[in-house]
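Chemist: here is the input, now give the coordinates:
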Amino acid sequence: MVLVAFLGAHVPLGLIMDSSASIARMHGLATVAITIGGALLFRRIAPIVYSLVYLVMCGVLWRMTEAGLPWEIAKHALWLVSFIVLARFHRRLPAPLALFYMALLLPGAAITVMEVGAADGRAQIVFNLAGPLALAAGTALFTLVRLSPRDFRRITYIAVAPVTSIWIIALTALLKVEEFTTESSKEAVGGFGPNQVSTILGLGALLAILWAFRDDSTVHRMILGAAGLTLLAQSVLTFSRGGLYNTIAALLAVGVLYVRRPSRIFAALALLAIVIAIGAVLFDRVDGFTDGNLGRRFADTNVTGRDELARDDLSIWAQEPVTGVGAGQSRFARTGLREGSAAHTEFTRLRAEPGLRGARRGVAARHVAGDQAGVVGAVAVA
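Modeler: Down below sits the predicted model:
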């Protein structure tokens, strides 16, 4: 039960890190050092993957606890460790589409440098391409990995563990809220961004729930199932809708793949009915805790201007269809009240900033995701 103990230990660890930025910083530095050191020294890829997944899932936790680590360190560590592993295990080449996806990031960076200069261009590139580069490098890394069911169980516990630290911090803050509204609030998540907390809680819930249905052990199924529902409930209580919607969309996508065999359709429908029933009961309980404000929040279908930003992206792409405007430059091409606003929809930003390269990059990413479905859970947070 080492994995269960590891998961449980992150509940008090979260409270300790929240109360002491120094301890949070030491935790972060130790995690980064062990992960990079392991990438240089470990003879097997699996242990490197364990530590790398843990590091990536700690990114929001370190920012919540004000650990003072370099900005976006989890993303930079992901691509750095991936490159180290690719160099060390060069006899096993990653999938060509993963390398193609990575190569498509380079022209957009060059255009940004030419537009705004080396100094400002570097900052824009780091900010806007850290995520895509981490995704590309992580995808390339995972094309080399062959994991057993036991490895997947370990990775699930390792990934969910730091999310339980985020859960206890958010829960502690939530219990101190005196009055709820229909808006997402930093007070309900410990002073950090509700969107980020909701998303990482949703991702942790997704991983736990998925493996709960695959594990052969009843004990692990119960533990991971309970953890998944708890994290999902806390994601909802951030009053940010992204975590719940992303989790539901991912579960539906997995369900479509699962029922490709006719013999599984009945089991999938029964499982869906159980999940809906449990979800309805839980939502009713937590809605009562918030005096009905939670229900009103999720009944609101306002997309808070994201549709207008998406239309701007498509308009910018129409003006520069081939070259795009460069990484991070779409915000400066907007006009009117939205001038200077960053993109909120990655699919349309991939058209506006890299141009036709973005369209090809999107196609490459979809092909890679389809061929390497195991990558998504480990690197989606990047």
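
Chemist: every contact and neighbour count from this point should use C-alpha atoms.
Modeler: OK.

Chemist: in stretch 34-49, what's buried?
Modeler: Ile34, Thr35, Ile36, Gly38, Ala39, Ile45, Ala46, Ile48, Val49 (16 or more other C-alpha atoms under 10 Å).

Chemist: you'd agree Phe6 is up against Ala159?
Modeler: No. Using C-alpha atoms under 8 Å, Phe6 is not in contact with Ala159; the gap is 10.9 Å.

Chemist: with neighbour numbers in mind, choose between these two.
Modeler: Ala159 (27 against 14; other C-alpha atoms under 10 Å).

Chemist: nearest residue to the more buried one in space, please, no chain neighbours.
Modeler: Once flanking residues are discounted, Ala159 sits nearest to Tyr54: 5.4 Å by C-alpha to C-alpha, 6 or more residues apart in numbering.

Chemist: before we move on, what about Asn195?
Modeler: In space, Asn195 is closest to Ser240, 5.6 Å off (C-alpha to C-alpha, 6+ apart).

Chemist: just the CA trace of stretch 217-235, in CSV.
Modeler: Extracted in CSV, the C-alpha atoms of stretch 217-235 (Å, rounded to 0.1, in the frame of the first residue of the first chain):
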residue,chain,number,x,y,z
SER,A,217,-8.0,-4.5,-7.7
THR,A,218,-11.2,-3.7,-5.9
VAL,A,219,-9.4,-1.7,-3.3
HIS,A,220,-7.6,0.5,-5.8
ARG,A,221,-10.8,1.0,-7.7
MET,A,222,-12.6,2.2,-4.6
ILE,A,223,-9.7,4.5,-3.6
LEU,A,224,-9.2,6.0,-7.0
GLY,A,225,-13.0,6.3,-7.6
ALA,A,226,-13.5,8.1,-4.3
ALA,A,227,-10.5,10.4,-5.1
GLY,A,228,-11.8,11.2,-8.5
LEU,A,229,-15.3,12.1,-7.4
THR,A,230,-13.8,14.2,-4.5
LEU,A,231,-11.5,16.1,-6.8
LEU,A,232,-14.3,16.7,-9.4
ALA,A,233,-16.7,18.0,-6.7
GLN,A,234,-13.9,20.4,-5.5
SER,A,235,-13.4,21.5,-9.1
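
Chemist: Provide the contact partners of that stretch at residue level.
Modeler: 163-164, 167, 170-171, 197-199, 201-202, 204-209, 211-213, 215, 243-244, 282-283, 286 (C-alpha atoms under 8 Å, 6 or more residues apart in numbering).

Chemist: thought Val177 was touching Ser185?
Modeler: No. With contact defined as C-alpha under 8 Å, Val177 does not count as touching Ser185 (9.8 Å).

Chemist: more neighbours: these two, which one.
Modeler: Ser185 (21 against 13).

Chemist: the closest residue in space to that one that isn't next to it in sequence and Ala280, how far apart?
Modeler: Leaving aside its sequence neighbours, Ser185 sits nearest to Pro194 (C-alpha to C-alpha, 6+ apart; 6.4 Å). Using C-alpha to C-alpha, to the nearest Å, we find Pro194 at a distance of 23 Å from Ala280.

Chemist: pLDDT score for Thr290?
Modeler: Note for Thr290: predicted pLDDT of 76.

Chemist: please renumber the chain so that the first residue is 35 from this point on.
Modeler: Taking 35 as the first residue, the last one we looked at is Thr324.

Chemist: where does the prediction get shaky in the stretch 235-384 of the chain?
Modeler: Low-confidence segments of the stretch 235-384 of the chain (pLDDT under 70): 292-299, 301-302, 305-306, 334-341, 354-384.

Chemist: would you list every one of the helices in it?
Modeler: 252-270, 276-292, 299-323, 327-333, 340-353, 364-367, 380-386 (DSSP state H, counting those that start in this stretch).

Chemist: pick the most buried one from these.
Modeler: Greatest average neighbour count among the helices of the stretch 235-384 of the chain goes to helix 380-386 (a mean of 23), per mean count of other C-alpha atoms under 10 Å.

Chemist: the residue nearest to Ser219 reaches Val270, doesn't it?
Modeler: No. Using C-alpha under 8 Å, Pro228 makes no contact with Val270, being 10.2 Å away.

Chemist: got a PyMOL select line for the buried ones in the contacts of stretch 251-269?
Modeler: The following PyMOL line selects those of these that are buried, judged by 16+ other C-alpha under 10 Å:
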select buried, resi 197+198+201+204+205+231+232+233+235+236+238+239+240+241+242+243+245+246+247+249+277+278+316+317+320
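
Chemist: need the pLDDT of Thr233.
Modeler: 90.

Chemist: poorly predicted segments of the stretch 35-184 of the chain, please.
Modeler: Using pLDDT under 70, the flagged stretches of the stretch 35-184 of the chain are 126-127, 142.

Chemist: how close does Arg330 get to Asp321?
Modeler: Where Asp321 is concerned, Arg330 sits at a distance of 9 Å (C-alpha to C-alpha).

Chemist: Leu167 now?
Modeler: For Leu167, the distance to Asp321 - C-alpha to C-alpha - is 39 Å.
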